[in-house]
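Undergrad: Build me a model from this:
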Amino acid sequence: MRAGYDPPYAYARICGSIAKAYIGKKALTLIHNAHVGDAWRVLFGQPPPALPEAVLLLAAQSETKVRALNDFRVLSAGLEREVPFFAALLRKPEFAYVKSLAAAIVDGSGSPPARTDPGASEEVSSERYPDLERMFGGTRFDWIAREGLGDLTALKNRVDRQYYEELWLSLDSLPRARSERLRALIALEAEIENLVWGLRLRRYYAMTKDEIQGLLIRLPGRDVARSALQALDLRPDLRSDWEGWTWGRFLREARTGAEGEWFLDVRGIEGAARRYIFRVIRRGLHLDPFGYTPLYAFYRIKEIESAAVNGILEGIRLQAPAAEIAAFALDATGGAA
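TA: Predicted coordinates:
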């Protein structure tokens, strides 16, 4: 454990911060605001800047991410500067930005997308847009410069896989005795991600199991592809195939057609999986108070909170029905209090 980082103290502060987070029922308090400016006052405790509603929405969404990242950095006590695992964890915005850059080039945009996530490393320089070699050459995304953009969906998938693979390898920078629960949690997330991704590729892209195998996350020393590959052997229109399935808890989201026929609802399974992972992450806060798991769980919960709050703000801006915004808020944060 790095000198200067006090796990019990950090754990206590993390619990206090999570208690104030806009997740579950607390997120619902935001839906009663008629305008984004009203929500700004609730979220940030200060008057909103004098901006048009649409611009204010973008400012609020950015501020939400800024504060989430700042909260994490305060509690991490600078670990990202000294421990490769936390440096890898905080590269996530950079990976997302690479996907945005690739999409902008494919769409023919004359300028690069703005960086919307604070604190992202700038290993990839948007100033060299849209030159692939000058943007990606010599970076961890050098393969994009060599291979080109090609299939954008496949590229985004590879970027996502690369993030998990780098994060997994960086776990070796942590003391093994204090990182086993964290290792198990990340492996579980990768397994569920593979499962959802595999089912989506079959359902929406009509891809075969053989085609999907190469698009799944692979982690050295841990089989996180098995659940997805097993699911791809089951027929999506035959309920009996799914009896005893490892992740049968997600089948409550399956649907029945007008004439009573059963079929696998991939979107429903994705929602159930997302809520399950959220609950597992929340439990992870309390299972390892003397290790690094609470800090990782805090990062993930703040990430989920930011996504939920920004979705709620978008709903307020569009004047969506309160019931729809409430359903989104609960679904996005696991329905937890």
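
Undergrad: Could you verify that residue 250 is part of a helix?
TA: Yes. Membership of residue 250 in a helix is supported by DSSP: H, G, I helix; E, B strand; the rest coil.

Undergrad: Name all residues that make contact with it.
TA: 268-269, 272-273, 276 (C-beta atoms under 8 Å, 6 or more residues apart in numbering). The C-beta positions use only the backbone N, C-alpha and C, and glycine is treated the same way.

Undergrad: Which ones among those map onto helices?
TA: 268-269, 272-273, 276 (DSSP state H).

Undergrad: neighbour-wise, which of the contacts of residue 250 leads?
TA: Comparing the contacts of residue 250 by number of neighbours (other C-beta atoms under 10 Å), residue 269 comes first, having 23 neighbours.

Undergrad: How about it, nearest residue that isn't a chain neighbour?
TA: With sequence-adjacent residues excluded and distances taken as C-beta to C-beta, 6 or more residues apart in numbering, residue 269 is closest to residue 250, at 4.6 Å.

Undergrad: Closest one of the contacts of residue 250 to residue 262?
TA: residue 268 (12.4 Å; C-beta to C-beta).

Undergrad: What's the per-residue pLDDT of the closest one here?
TA: Looking at residue 268, its pLDDT stands at 88.

Undergrad: next SSE after the helix or strand of the chain with the lowest mean pLDDT?
TA: Every helix and strand in the chain was compared by mean pLDDT, DSSP states H and E; the lowest is strand 255-256, with a mean of 62. Going down the chain from strand 255-256, the next helix or strand is strand 262-263, by DSSP states H and E.

Undergrad: who are the neighbours of that next one, in terms of helices and strands?
TA: Under the contact definition 3 or more C-beta pairs under 8 Å, 6 or more residues apart in numbering; DSSP states H and E, strand 262-263 sits against strand 255-256.

Undergrad: Quick check: the gap between the closest residue to residue 83 other than its chain neighbours and residue 91.
TA: Excluding its sequence neighbours, the residue lying closest to residue 83 (C-beta to C-beta, 6+ apart) is residue 173, at 5.6 Å. Taking C-beta to C-beta, to the nearest Å as the measure, residue 173 falls 14 Å from residue 91.

Undergrad: Which of the two has more residues huddled nearby?
TA: Ranked by neighbour count (other C-beta under 10 Å), residue 173 and residue 91 place residue 91 first, with 20 against 14.

Undergrad: I'd guessed the more buried one sits against residue 166; true?
TA: Yes. Using C-beta atoms under 8 Å, residue 91 makes contact with residue 166 at a distance of 7.5 Å.

Undergrad: and residue 148, how many neighbours?
TA: 9.

Undergrad: What segments of the stretch 151-300 of the chain are helices?
TA: Counting by DSSP state H, counting those that start in this stretch, residue ranges of the helices within the stretch 151-300 of the chain are 152-170, 180-205, 209-213, 226-231, 266-287, 293-317.

Undergrad: Would you mind finding the most buried of those helices?
TA: helix 293-317 (a mean of 22; mean count of other C-beta atoms under 10 Å).

Undergrad: That one to helix 180-205, inter-axis angle?
TA: With axes from the mean of the first three to the mean of the last three C-alpha atoms, to 10 degrees defining the directions, helix 293-317 sits at 40 degrees from helix 180-205.

Undergrad: Tell me the helix or strand right after helix 293-317.
TA: Following helix 293-317 in sequence order, the next helix or strand is helix 322-332 (DSSP H and E).

Undergrad: which residues are contacting that next one?
TA: 24-25, 27-28, 30-32, 271, 274-275, 304, 307-308, 311-312, 315-316.

Undergrad: what do you get for stretch 28-35?
TA: 22, 39, 42-43, 53, 309, 312-313, 315-316, 322, 325-326, 329-330.

Undergrad: Just give me the closest of those to residue 243.
TA: Nearest to residue 243 among these, with distances taken as C-beta to C-beta, is residue 330, at 29.5 Å.

Undergrad: What is the burial count for the nearest residue to residue 307 once chain neighbours are set aside?
TA: Nearest residue to residue 307, sequence neighbours excluded (C-beta to C-beta, 6+ apart): residue 332, at 6.2 Å. Using other C-beta under 10 Å, the number of residues around residue 332 comes to 23.
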